[in-house]
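Novice: return atomic coordinates for the entry below.
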Amino acid sequence: MQGQWSFVSNHSLVLTALHENPEARQRDIADTVGITQGAVQRILHDLAESGHVSVERVGRRNHYRLNRQASMRHPRLEGVEVGALV
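Specialist: Next up is the predicted model:
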């Protein structure tokens, strides 16, 4: 039996989910990506702290904005912008 793995990280999957729906709730992102809400919270914190995503509170909801010009973090992808991923 083959192990379950993916070519794309959960961080990348969360980025693409936000690109598709910037107003998505964390619960919706978790369902879309197939991870827990806690994992989504940690990933969103990572992405916001690194400047890849900004968060704006609108009423009781968060609105997420991707920084499409931010560079990918892996050294092999130096100079490749997040916008190329999404």
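
Novice: hey, let's count contacts and neighbours off CA atoms from now on
Specialist: OK.

Novice: neighbouring contacts of the longest helix along the chain?
Specialist: Assignment by DSSP state H gives helix 37-49 as the longest helix of the chain. Helix 37-49 is contacted from outside by 10, 11, 14, 26, 27, 29, 30, 53, 54, 55, using Cα atoms under 8 Å, 6 or more residues apart in numbering.

Novice: can you redo those residues as JSON lines with secondary structure and neighbour count?
Specialist: Shown next, in JSON lines, are these (DSSP: H, G, I helix; E, B strand; the rest coil; neighbours: other Cα atoms under 10 Å):
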{"residue": "10", "secondary structure": "helix", "neighbour count": "16"}
{"residue": "11", "secondary structure": "helix", "neighbour count": "17"}
{"residue": "14", "secondary structure": "helix", "neighbour count": "21"}
{"residue": "26", "secondary structure": "helix", "neighbour count": "20"}
{"residue": "27", "secondary structure": "helix", "neighbour count": "14"}
{"residue": "29", "secondary structure": "helix", "neighbour count": "23"}
{"residue": "30", "secondary structure": "helix", "neighbour count": "20"}
{"residue": "53", "secondary structure": "strand", "neighbour count": "20"}
{"residue": "54", "secondary structure": "strand", "neighbour count": "17"}
{"residue": "55", "secondary structure": "strand", "neighbour count": "15"}
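
Novice: how about those in JSON lines, adding pLDDT?
Specialist: Below are the contacts of helix 37-49 laid out as JSON lines (pLDDT from 0 to 100):
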{"residue": "10", "pLDDT": "94"}
{"residue": "11", "pLDDT": "94"}
{"residue": "14", "pLDDT": "96"}
{"residue": "26", "pLDDT": "95"}
{"residue": "27", "pLDDT": "96"}
{"residue": "29", "pLDDT": "97"}
{"residue": "30", "pLDDT": "98"}
{"residue": "53", "pLDDT": "95"}
{"residue": "54", "pLDDT": "94"}
{"residue": "55", "pLDDT": "92"}
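
Novice: and for residue 41, the neighbour number?
Specialist: 15 (other Cα atoms under 10 Å).

Novice: please enumerate the helices of this structure.
Specialist: Counting by DSSP H, the segments of the chain that form helices are 10-20, 26-33, 37-49, 82-85.
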